[in-house]
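**Q** Predicted coordinates and the sequence they were generated for:
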Amino acid sequence: MAKQPSDQETLKEANRPALSTTSGWQLHVMGRGHFQTLTLPPAGRWVIGRGEGCELRLEDPAISRQHAALIFGQGVTLEDSGSANGTFLEGRKIGSGERALVKPGEVVELGAFTLTLTATGGTELRKRLWPAAYFEHCVAEECAKNREPGLVLVRLHLSRPVEREELGLILNVDLRAEELAADLGGGEVDLLLLGRTPELAREIVRNLKKRLEAAGTGPILSALARHPEDGARPELLFGKLVRGLLGQEDEAPRGELIVVDPAMIRLHRLVDRVAGGKINVLILGETGTGKELIAQRLHQRSPRAEGPFVKLNCAALPEALIESELFGYEKAAFTGADRPKPGLIETAHGGTLFLDEVGELSLPIQAKLLRVLEERVVQRLGALRPKPVDLRLVSATNRDLQVECGRGAFREDLYFRLNGIAITVPPLRERPADLRAMIDHFAQESARQADQAEVHFGPEALALMLAHPWPGNVRELKNAVDRAVLLAAGETIEPEHLPLAQMKPKAHPAAPSSSGGVLPLEASVQAHERAQIVEALAACDGNQTKAAKRLGISRRTLINRLEQYRIERPRKRAADDDDGP
């Protein structure tokens, strides 16, 4: 994570040029939930990297110790210093030692960080398409101001891309100087509208759609989120936009559709980029993580959205029935086949076929499915000739198909066909923001269905809920919340209303205990967290960077936890500390 010093502290103490508030340029540093604005000096050179002596120090393993440099004088010049992972200006990789002029509004990328240059006091800061990190930072700032009549976020999904410069010009026509447009990638853009009523915001969206469609974008989907009606926090507003584009904007969201955690927001952006392609997609993840919803989103954002979305749970039917359901049959193909029936593969022609639990298919059916994918034809049971078929296959599994291939239970050639691109849905324990939002949503939904007053979790019960790893993911969570609401029969849910036998974390030997031998709540939660950290380090062979990623926290947070829980830090490895020169 980037350090957050003042402008002066960002520079080296020795031989640094004096800062000038009238230099005319500001540098915006964004990444990993961090935003910082620095005023540039009129002349000089800043070294960027993660080394101790850098003027702009960014702590990211993908950034070299001396990664790049910014040179001030006649304009601002970017120079790559032989970085291991490259420096990018507007998407173009800068060669080692190469210098490139950075214009106002252009985007510099290195590691997980984005840098942009703007003119002090100018309107260039607003009048362009900005990266998602900067946009999210500005939304958080505006939410904190509680302005009236409020703030409206708009998300647009374009069926076909438009040149970036033209897109920026069109989007900014109706925006005030203080309002923002952001490029999310995958044909999606966000708008931040300030002091607009919902009616006026919808009028702006209608005008934008007309101009964009005239520019060749094709049909455009849109969603709106209002502050504070749809959420007081940015993550709730962005979740509202995600649900809105899924067609759930005016409905009470199902628990699986609550998308507020940054990890899930990033995943949905990836899904939208993949949706525009033609290759098959393999969705991986534990049971109950919402893989089917990801498949539906892929279909809805794809060029096949007007076609059918056909799904089959391969674990729900016996082999003989799966074969007839998938491939169909002709009349008299077997006893009881009194009329012909098209299979799901035929039904999905022109659309998307989703095979859930694809790892459960038998080897004979796998061979038939492979032929469909290779030859793009399907043959009904009892038919003499195959029929051509045009579909996109999206499959999902909670198994490791590579392991299944190794033991001969899954065809390797079919695995390669299915795995055009793999998308992994994180489990609920790795989506803390989603977890908290789902707890609140399920509690109110369950109380409403039971005709009870509004309920909430007491602090001790909530701590237990947040500490539990939820191996059953959303299904387990909903059952636990429904049970708690029923047993509480009041306004506050306490620990005794929870299924403690399944939820109580195991104590670590080093964790403190009370005189009665029972862990206090806080110590119990800490012991559970400590055990998770130890397990993650063991699973990652002591690699702290990988362990932090596995836990869903930053490496710095992991190191702080190691010190807090007195866990001996593993021996530093090259993968942890020597990522670059």
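**A** Sure thing, it's come through.

**Q** and Glu325, that one's in a helix?
**A** Yes. Counting by DSSP: H, G, I helix; E, B strand; the rest coil, Glu325 falls inside a helix.

**Q** Excluding residues flanking it in the chain, which one is nearest Leu393?
**A** Of all residues not flanking Leu393 in the chain, Asn280 sits nearest, at 4.6 Å (C-beta to C-beta, 6 or more residues apart in numbering). For every residue, glycine as well, the C-beta is placed using N, CA and C.

**Q** ugh, typo on my part, it should be Glu357
**A** Leaving aside its chain neighbours, Glu357 sits nearest to Ala315 (4.0 Å; criterion: C-beta to C-beta, 6+ apart).

**Q** how much space between that neighbour and Asn473?
**A** 17 Å (C-beta to C-beta, to the nearest Å).

**Q** between the two, who's got more neighbours?
**A** When Ala315 and Asn473 are compared for neighbours, Asn473 comes out ahead with 23 against 14, by other C-beta atoms under 10 Å.

**Q** Starting from Asn398, give me the distance back to the residue nearest to that one when sequence neighbours are not counted.
**A** Once flanking residues are discounted, Asn473 sits nearest to Gly288: 3.4 Å by C-beta to C-beta, 6+ apart. For Gly288, the distance to Asn398 equals 9 Å [C-beta to C-beta].

**Q** ok, these two, which is more surrounded?
**A** Gly288 (20 against 17).

**Q** what helix or strand is the more buried one on?
**A** Per DSSP states H and E, Gly288 falls between elements, in no helix or strand.

**Q** Might one say that it is in contact with Met438?
**A** No. Gly288 is not in contact with Met438 according to C-beta atoms under 8 Å; the separation is 11.8 Å.

**Q** Between the two, which contacts overlap?
**A** Residues touching both Gly288 and Met438 (C-beta atoms under 8 Å, 6 or more residues apart in numbering): 428, 474.

**Q** quick one: secondary structure of the residue nearest the centre of the chain?
**A** Central residue of the chain (C-alpha atoms, centre = their mean): Arg266, 2.3 Å from the mean position. At Arg266 the chain is in helix, as set by three-state DSSP.

**Q** Could you check the pLDDT of it?
**A** Here the pLDDT value assigned to Arg266 is 80.

**Q** repeat for Gln66
**A** Looking at Gln66, its pLDDT is 94.

**Q** ok, it - contacts?
**A** Neighbours of Gln66 in contact, by C-beta under 8 Å, 6+ apart: 47, 49, 51, 54, 81, 581.

**Q** gap between it and Ile423?
**A** In terms of C-beta to C-beta, Gln66 sits 36 Å off from Ile423.

**Q** just Ser222 next, same as before
**A** From Ser222 to Ile423 the distance is 25 Å (C-beta to C-beta).

**Q** same thing with Ala536?
**A** 22 Å.

**Q** Just give me the neighbour total for the residue nearest to Thr217 when sequence neighbours are not counted.
**A** In this structure, Thr217 finds its nearest non-sequential neighbour in Leu158, 4.3 Å apart by C-beta to C-beta, 6+ apart. Residues near Leu158, counting by other C-beta under 10 Å, number 21.

**Q** wouldn't Leu158 be in contact with Gly216 here?
**A** No. Counting by C-beta under 8 Å, Leu158 stays clear of Gly216, with 9.6 Å between them.

**Q** overlap in contacts of these two?
**A** Joint contacts of Leu158 and Gly216 (C-beta under 8 Å, 6+ apart) do not exist.

**Q** about what we covered before: distance of the residue nearest to Leu393 relative to Leu414?
**A** From Asn280 to Leu414 the distance is 10 Å (C-beta to C-beta).

**Q** So between these two, which is more surrounded?
**A** The neighbour comparison of Asn280 against Leu414 (other C-beta under 10 Å) goes to Leu414, with 23 against 18.

**Q** Helix or strand next in line after the helix or strand harbouring that one, which one?
**A** If you go by DSSP H and E, Leu414 is part of helix 412-418. Using DSSP H and E, the helix or strand that follows helix 412-418 in sequence is strand 421-424.

**Q** What are the buried residues along that next one?
**A** Under the neighbour-count criterion of 16 or more other C-beta atoms under 10 Å, strand 421-424 has Ile423 buried.

**Q** Could you work out the end-to-end span of stretch 110-129 for me?
**A** Using C-alpha to C-alpha, to the nearest Å, the end-to-end distance of stretch 110-129 comes to 19 Å.

**Q** that older thread, the residue nearest to Thr217 pairs with what?
**A** Ile220 (DSSP bridges).

**Q** The residue nearest to Asn473: what's it in contact with?
**A** 428, 472-476.

**Q** Same check on Val274?
**A** Applying C-beta under 8 Å, 6+ apart to Val274 gives the contacts 281, 298, 421, 423.

**Q** Which secondary structure state does the closest residue in space to the first one that isn't next to it in sequence sit in?
**A** Spatially, and ignoring its direct neighbours in sequence, Val281 is nearest to Val394 (4.8 Å; C-beta to C-beta, 6+ apart). Look at Val394: counting by three-state DSSP, its state is strand.

**Q** I'd like the distance between Val394 and Ile279.
**A** 10 Å.

**Q** Likewise for Gln564?
**A** Taking C-beta to C-beta, one finds Gln564 at 45 Å from Ile279.

**Q** same question, Ala488
**A** For Ala488, the distance to Ile279 (C-beta to C-beta) stands at 49 Å.

**Q** When the two are compared, which one has more neighbours?
**A** Each of Ala488 and Ile279 has its neighbours counted (other C-beta under 10 Å); Ala488 has more, 22 against 11.

**Q** Apart from its chain neighbours, what residue comes closest to Leu27?
**A** Spatial nearest neighbour of Leu27, excluding adjacent residues (C-beta to C-beta, 6+ apart): Leu38 at 4.7 Å.

**Q** wait, is the one you found part of a strand?
**A** Yes. With three-state DSSP as the criterion, Leu38 is part of a strand.

**Q** Look up phi and psi at the nearest residue in space to Arg233 that is not next to it in sequence.
**A** Spatially, and ignoring its direct neighbours in sequence, Arg233 is nearest to Cys143 (6.6 Å; C-beta to C-beta, 6+ apart). Cys143 has phi and psi values of phi -60, psi -40 when expressed as degrees, to the nearest 10.

**Q** To what extent is Cys143 buried, counted in neighbours?
**A** If we define neighbours as other C-beta under 10 Å, then Cys143 has 20 of them.

**Q** do the same with Asn85
**A** By other C-beta under 10 Å, the residues close to Asn85 number 16.

**Q** Contact partners for Leu27?
**A** 37-40, 56, 70, 115-117.

**Q** let's go with 6 Å and repeat that
**A** 38, 40, 117 (C-beta atoms under 6 Å, 6 or more residues apart in numbering).

**Q** got it, and Ala263?
**A** 426, 431.

**Q** switch to 10 Å and redo it
**A** The contact partners of Ala263, taken as C-beta atoms under 10 Å, 6 or more residues apart in numbering, are 425-426, 430-434, 552.
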